[in-house]
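Chemist: build me a structure from this.
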Amino acid sequence: MVEDSRSIDLQHLRRFAKFHDLPGHLKESFLIKDAIAQPLQDDPGYLYLLVAPTSSVDILALRKSLSGALPPLPLYVPPIWTTPVPSLAPTSQIQAVKWTMSHWPTVYKKNNPFGPHPHILSRAENELSRDLHGWMGMAHKVATASKATGTGEAIGAVIVYRTGSSSHALALAGDARWVQERNCPNGNVMAHATLRAIGMVAQKLRALERKNTSGSESSLDTLESTIFLDRPLLPQEDVVFADDTIPPAGYLCHNLEIYLTHEPCVMCSMALLHSRFGRVVFSSRMPKTGALCSEGTAFGAYSENASGVGLGHGLFWTRELNWSLLAWETDMLLHRDREDPDDDIGPMIQG
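Modeler: Numbering: from 1, shown residues only. Next comes the predicted model:
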């Protein structure tokens, strides 16, 4: 039970826990008070349930309800304890581990209501500043090529894998909305640069999986490539796609970086979240269509889209979603005349 009733949001706490997952002081308490049930404590089916704040539930009624719902045990009535637990979510994985050891099994979901820890931001910005010009420049070049060839709008994306002091491009994609939908006013929305880049990473992973399974090279998916255009269309894209570098083991784009010429739309922003990216950097805000920024008012002296009101979705760090990422806005071209020309990372987008 929860003694502190300031908040009933328990999403950061594990609702069910096995005996071996509990902190030491609770194990000792349960061993003393639950002597009848001790033989069951090593049973995988024996669980401890965190129910609700004590201020919001009647303990006698709860005991009666549990007794009627659980399978009957000889001479055993399900015991109920109260114990203090954190009412707010942890701000880091380290804090979650500490609370797990001192209070109750706690989960860090990167949904700190106060935003990411300053140390995490500082470390990330130091890493990004090393090669920001190169990756963002690559995204702008493929964007220019997309516009010049009539493939799509002047929008580009590059996905990067960073390890230690080095980083490597895994996919490069320009917008391709006009390739097959020239008579459609909005074009092929599935061929946005962000979606194409993610698709290229997926194609690499699937090709490797089939090679490991069959022992030979296999063709890439024709159907997906036709719909999403996740195969290279431009020479710049082909150079990166031909490189056999693939992301490390994990789900799709887990903790990878993506550099975008423009703030992604709602669809592409959700694709970034579902693909489990760790960092996003974009050049120009898109007040009418962008979904990462949390501000709903006009802002910024450096963006060409500074006028107007933003959508205010702030999808990069929304608590209701099951993933969050770090996001920055930067515009190299318009920041070159600043006092510190190497400081190209704009302020963190505040949720």
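
Chemist: who's in contact with I159?
Modeler: If you count contacts by C-beta atoms under 8 Å, 6 or more residues apart in numbering, I159 has them with A169, L170, A171, L172, A197, I198, M200, V201, C253, L256, E257, I258. (Each C-beta comes from the backbone N, C-alpha and C, glycine too.)

Chemist: quick one: A17 is in a strand?
Modeler: Yes: under DSSP: H, G, I helix; E, B strand; the rest coil, A17 sits within a strand.

Chemist: separation between it and L128?
Modeler: Distance, A17 to L128, using C-beta to C-beta, to the nearest Å: 38 Å.

Chemist: settle it for me: which of these two has more neighbours?
Modeler: Neighbour tally, A17 and L128, criterion other C-beta atoms under 10 Å: the higher count belongs to L128, 23 against 18.

Chemist: what about that one, which SS state?
Modeler: Under three-state DSSP, L128 falls in the helix class.

Chemist: isn't it right up against Y259?
Modeler: No: under the criterion of C-beta atoms under 8 Å, L128 is not in contact with Y259, lying 9.2 Å apart.

Chemist: shared neighbours, the two?
Modeler: Common neighbours of L128 and Y259 (C-beta under 8 Å, 6+ apart) are V281.

Chemist: coming back round to it: tabulate the contacts of I159 (CSV), appending distance to M101, secondary structure and neighbour count.
Modeler: Shown next, in CSV, are these (distance: C-beta to C-beta, whole Å; DSSP: H, G, I helix; E, B strand; the rest coil; neighbours: other C-beta atoms under 10 Å):
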residue, distance to M101, secondary structure, neighbour count
A169, 41, strand, 18
L170, 38, strand, 24
A171, 41, strand, 29
L172, 45, strand, 29
A197, 41, helix, 31
I198, 38, helix, 27
M200, 43, helix, 26
V201, 37, helix, 23
C253, 32, coil, 25
L256, 31, coil, 24
E257, 33, strand, 23
I258, 36, strand, 30
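
Chemist: which members of the residues you listed are the farthest-apart pair?
Modeler: Taking every pair in the contacts of I159 and measuring C-beta to C-beta, the maximum separation is 15.0 Å, between M200 and E257.

Chemist: any weak-confidence spans in the stretch 51-200 of the chain?
Modeler: In the predicted model of the stretch 51-200 of the chain, residues 68-78, 110-115, 181-185 satisfy pLDDT under 70.

Chemist: got the residue ranges for the strands in it?
Modeler: Assigned by DSSP state E, counting those that start in this stretch, the strands in the stretch 51-200 of the chain fall at 156-163, 166-174.

Chemist: nearest to S29, out of those?
Modeler: From the strands of the stretch 51-200 of the chain, taking C-beta to C-beta, the stretch that ends up closest is strand 156-163, at 44.5 Å.

Chemist: now that closest one against strand 166-174, angle please.
Modeler: 160 degrees (axes from the mean of the first three to the mean of the last three C-alpha atoms, to 10 degrees).

Chemist: and strand 156-163, which strands flank it?
Modeler: When pairing is defined by DSSP bridges, strand 156-163 lines up against strand 166-174 (antiparallel), strand 257-262 (antiparallel).

Chemist: returning to that earlier point: any chance of a markdown table for the strands of the stretch 51-200 of the chain, columns distance to L13?
Modeler: Below are the strands of the stretch 51-200 of the chain laid out as a markdown table (distance: least, C-beta to C-beta, whole Å):
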| stretch | distance to L13 |
| --- | --- |
| strand 156-163 | 32 |
| strand 166-174 | 36 |
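
Chemist: out of the ones you listed, the one nearest G290 is which?
Modeler: strand 156-163 (14.2 Å).

Chemist: what comes up buried for that closest one?
Modeler: Neighbour-count burial for strand 156-163 flags G156, A157, V158, I159, V160, Y161, R162 (criterion: 16 or more other C-beta atoms under 10 Å).

Chemist: just the residues you listed now: which is nearest E263?
Modeler: Nearest to E263 among the buried residues of strand 156-163, with distances taken as C-beta to C-beta, is A157, at 11.8 Å.

Chemist: in CSV, list the buried residues of strand 156-163 along with distance to E28.
Modeler: Formatted as CSV, the buried residues of strand 156-163 follow (distance: C-beta to C-beta, whole Å):
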residue, distance to E28
G156, 59
A157, 54
V158, 54
I159, 50
V160, 49
Y161, 46
R162, 44
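
Chemist: between those residues, which is nearest Q95?
Modeler: The closest of the buried residues of strand 156-163 to Q95 turns out to be R162 (C-beta to C-beta; 24.7 Å).

Chemist: off-centre distance for stretch 230-240?
Modeler: Stretch 230-240 sits 26 Å away from the centroid of its parent chain (C-alpha atoms, centre = their mean, to the nearest Å).

Chemist: next, the buried residues of it.
Modeler: D230, R231, P232, L233, L234, Q236, E237, V240.

Chemist: pLDDT score assigned to L292?
Modeler: Looking at L292, its pLDDT is 90.

Chemist: export the strands paired with strand 156-163 as a markdown table, with columns for distance to C268.
Modeler: Compiled in a markdown table, these are given as follows (distance: least, C-beta to C-beta, whole Å):
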| stretch | distance to C268 |
| --- | --- |
| strand 166-174 | 11 |
| strand 257-262 | 8 |
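
Chemist: of all those, which lies closest to L31?
Modeler: Going by C-beta to C-beta, the one of the strands paired with strand 156-163 nearest L31 is strand 257-262, 47.9 Å.
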